[in-house]
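[1] sequence below, structure please.
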Amino acid sequence: MTLKLHHVNLVTDDVGRMDTFYRDVLGLASETDGLPVLEKNKGYAGDVAFVTDGAIQTHLAKKDPLAGFNAGQMVNPVSHGHIAYRTDDLAAFKARLEAHGVPYADWGNRAVAGWDQIFFYDPDGNVIEVHQVAET
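    The predicted structure is shown next:
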(Lines give C-alpha, C1' and ligand atoms only; values in the text may rest on other atoms or scores of the structure.)
Protein backbone atom coordinates (compact mmCIF):
# COMPACT_ATOMS: atom_id res chain seq x y z
CA MET A 1 0.00 0.00 0.00
CA THR A 2 1.38 3.39 -0.98
CA LEU A 3 0.27 6.77 0.32
CA LYS A 4 1.10 10.02 -1.51
CA LEU A 5 0.08 13.60 -0.79
CA HIS A 6 -2.51 14.54 -3.40
CA HIS A 7 -4.13 17.83 -2.40
CA VAL A 8 -4.92 20.35 0.30
CA ASN A 9 -8.55 21.50 0.50
CA LEU A 10 -9.30 24.98 1.78
CA VAL A 11 -12.89 26.08 2.39
CA THR A 12 -14.26 29.52 1.70
CA ASP A 13 -17.45 31.50 1.38
CA ASP A 14 -16.14 33.02 -1.91
CA VAL A 15 -14.56 30.49 -4.28
CA GLY A 16 -13.96 33.09 -7.02
CA ARG A 17 -12.09 35.44 -4.67
CA MET A 18 -9.88 32.60 -3.40
CA ASP A 19 -9.23 31.31 -6.92
CA THR A 20 -8.13 34.79 -8.05
CA PHE A 21 -5.89 35.18 -5.00
CA TYR A 22 -4.13 31.83 -5.40
CA ARG A 23 -3.62 32.35 -9.13
CA ASP A 24 -2.77 36.09 -9.22
CA VAL A 25 -0.99 36.62 -5.91
CA LEU A 26 0.68 33.24 -5.39
CA GLY A 27 1.16 32.52 -9.09
CA LEU A 28 -0.42 29.07 -9.02
CA ALA A 29 -1.89 27.70 -12.24
CA SER A 30 -5.45 26.59 -12.79
CA GLU A 31 -5.45 22.78 -12.61
CA THR A 32 -6.86 21.18 -15.74
CA ASP A 33 -5.52 17.61 -15.65
CA GLY A 34 -7.14 14.74 -13.79
CA LEU A 35 -9.85 16.81 -12.14
CA PRO A 36 -12.48 14.97 -10.17
CA VAL A 37 -16.09 14.91 -11.34
CA LEU A 38 -18.11 16.31 -8.46
CA GLU A 39 -21.24 14.43 -7.38
CA LYS A 40 -23.37 17.47 -6.56
CA ASN A 41 -26.51 15.52 -5.64
CA LYS A 42 -25.06 13.16 -3.02
CA GLY A 43 -24.39 15.47 -0.06
CA TYR A 44 -22.15 18.32 -1.24
CA ALA A 45 -23.29 20.69 -3.96
CA GLY A 46 -20.72 23.48 -3.59
CA ASP A 47 -18.45 24.92 -6.23
CA VAL A 48 -14.74 24.06 -6.22
CA ALA A 49 -11.81 25.74 -8.00
CA PHE A 50 -8.63 23.75 -8.59
CA VAL A 51 -5.13 25.28 -8.62
CA THR A 52 -1.68 23.70 -8.59
CA ASP A 53 1.98 24.44 -8.08
CA GLY A 54 2.72 21.79 -10.70
CA ALA A 55 3.00 18.96 -8.21
CA ILE A 56 0.30 19.29 -5.55
CA GLN A 57 -3.26 20.47 -6.10
CA THR A 58 -5.11 22.94 -3.88
CA HIS A 59 -8.88 22.56 -3.92
CA LEU A 60 -10.77 25.75 -3.06
CA ALA A 61 -14.20 24.57 -1.97
CA LYS A 62 -17.36 26.38 -1.01
CA LYS A 63 -17.81 26.00 2.74
CA ASP A 64 -20.78 23.79 3.63
CA PRO A 65 -21.32 23.14 7.35
CA LEU A 66 -24.14 20.69 6.54
CA ALA A 67 -22.35 18.47 3.99
CA GLY A 68 -21.56 15.71 6.52
CA PHE A 69 -25.14 15.73 7.79
CA ASN A 70 -26.53 15.70 4.22
CA ALA A 71 -24.30 12.75 3.29
CA GLY A 72 -24.99 10.86 6.53
CA GLN A 73 -21.32 10.98 7.58
CA MET A 74 -19.68 11.92 10.89
CA VAL A 75 -16.74 13.77 9.32
CA ASN A 76 -17.42 16.85 7.19
CA PRO A 77 -14.53 17.60 4.79
CA VAL A 78 -15.89 21.02 3.78
CA SER A 79 -16.51 22.62 7.15
CA HIS A 80 -12.89 23.59 7.85
CA GLY A 81 -10.86 22.05 5.01
CA HIS A 82 -8.60 19.00 4.95
CA ILE A 83 -5.39 17.45 3.67
CA ALA A 84 -5.71 14.54 1.25
CA TYR A 85 -3.59 11.53 0.40
CA ARG A 86 -4.05 9.09 -2.48
CA THR A 87 -3.52 5.36 -1.96
CA ASP A 88 -3.47 2.33 -4.21
CA ASP A 89 -5.14 0.10 -1.56
CA LEU A 90 -7.91 1.79 0.42
CA ALA A 91 -9.03 -1.48 2.00
CA ALA A 92 -5.55 -1.99 3.50
CA PHE A 93 -5.52 1.59 4.73
CA LYS A 94 -8.92 1.16 6.40
CA ALA A 95 -7.59 -1.97 8.11
CA ARG A 96 -4.62 0.05 9.34
CA LEU A 97 -6.92 2.70 10.86
CA GLU A 98 -9.07 0.00 12.46
CA ALA A 99 -5.98 -1.67 13.93
CA HIS A 100 -5.10 1.65 15.56
CA GLY A 101 -8.66 2.27 16.76
CA VAL A 102 -9.17 5.32 14.52
CA PRO A 103 -12.81 5.80 13.44
CA TYR A 104 -13.44 7.09 9.94
CA ALA A 105 -16.31 8.25 7.76
CA ASP A 106 -16.62 6.25 4.54
CA TRP A 107 -17.94 8.66 1.92
CA GLY A 108 -17.47 6.15 -0.90
CA ASN A 109 -18.10 8.12 -4.10
CA ARG A 110 -20.71 10.51 -2.65
CA ALA A 111 -18.58 13.61 -3.34
CA VAL A 112 -16.42 12.61 -6.33
CA ALA A 113 -17.31 10.20 -9.12
CA GLY A 114 -14.66 7.51 -9.46
CA TRP A 115 -12.97 8.17 -6.10
CA ASP A 116 -13.60 6.12 -2.98
CA GLN A 117 -12.94 8.48 -0.07
CA ILE A 118 -12.63 8.15 3.68
CA PHE A 119 -12.20 11.00 6.15
CA PHE A 120 -10.97 10.93 9.73
CA TYR A 121 -9.55 13.23 12.37
CA ASP A 122 -5.96 13.44 13.56
CA PRO A 123 -5.39 13.81 17.33
CA ASP A 124 -5.80 17.61 17.10
CA GLY A 125 -9.03 17.48 15.10
CA ASN A 126 -7.63 18.18 11.63
CA VAL A 127 -9.53 16.37 8.88
CA ILE A 128 -7.54 13.93 6.75
CA GLU A 129 -8.82 12.35 3.53
CA VAL A 130 -7.47 9.16 1.99
CA HIS A 131 -8.87 8.18 -1.39
CA GLN A 132 -8.37 5.62 -4.10
CA VAL A 133 -9.21 6.18 -7.74
CA ALA A 134 -11.48 3.46 -9.07
CA GLU A 135 -9.93 1.40 -11.81
CA THR A 136 -11.64 1.89 -15.17
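[2] distance of Ile128 from Asp13?
    Look at Ile128 and Asp13: by C-beta to C-beta, to the nearest Å, they are 23 Å apart. Just so you know, the C-beta spots here come from the backbone N, C-alpha and C atoms, and that holds for glycine as well.
[3] can you check Gly101 too?
    According to C-beta to C-beta, Gly101 and Asp13 sit 35 Å apart.
[4] give me the buried positions along the top helix by length along the chain.
    When the chain is parsed with DSSP state H, its longest helix is helix 90-99. Buried residues in helix 90-99, counted by 16 or more other C-beta atoms under 10 Å: 90, 93-94.
[5] check the closest residue to Pro103 other than its chain neighbours and give its pLDDT.
    Distances taken as C-beta to C-beta, 6 or more residues apart in numbering place Phe120 nearest to Pro103, at 6.7 Å, with adjacent residues excluded. pLDDT for Phe120: 93.
[6] now do His7
    pLDDT, His7: 91.
[7] for the lowest-mean-pLDDT helix or strand in the chain, packing partners?
    In the chain, no helix or strand scores lower on mean pLDDT, DSSP states H and E than strand 37-38, which sits at a mean of 79. Here strand 37-38 touches strand 112-113, going by 3 or more C-beta pairs under 8 Å, 6 or more residues apart in numbering; DSSP states H and E.
[8] next SSE after the strand it packs on?
    strand 115-121 (DSSP states H and E).
[9] that following strand pairs with which strands, and in what direction?
    Here strand 115-121 has these sheet partners by DSSP bridges: strand 105-108 (antiparallel), strand 127-133 (antiparallel).
[10] mean neighbour count, these: which tops it?
    Neighbour counts (mean count of other C-beta atoms under 10 Å) averaged over each of those peak at strand 127-133, with a mean of 20.
[11] the helix or strand following the least confident helix or strand of the chain packs against which elements?
    The helix or strand immediately downstream of strand 37-38 is strand 48-52, counting by DSSP H and E. Contacts defined by 3+ C-beta pairs under 8 Å, 6+ apart place strand 48-52 against helix 15-20, strand 29-30, strand 57-62.
[12] just put these in a markdown table and tack on mean neighbour count, mean pLDDT and distance to Tyr44.
    Shown next, in a markdown table, are those (neighbours: other C-beta atoms under 10 Å; pLDDT from 0 to 100; distance: least, C-beta to C-beta, whole Å):
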| stretch | mean neighbour count | mean pLDDT | distance to Tyr44 |
| --- | --- | --- | --- |
| helix 15-20 | 15 | 94 | 13 |
| strand 29-30 | 12 | 94 | 21 |
| strand 57-62 | 21 | 93 | 8 |
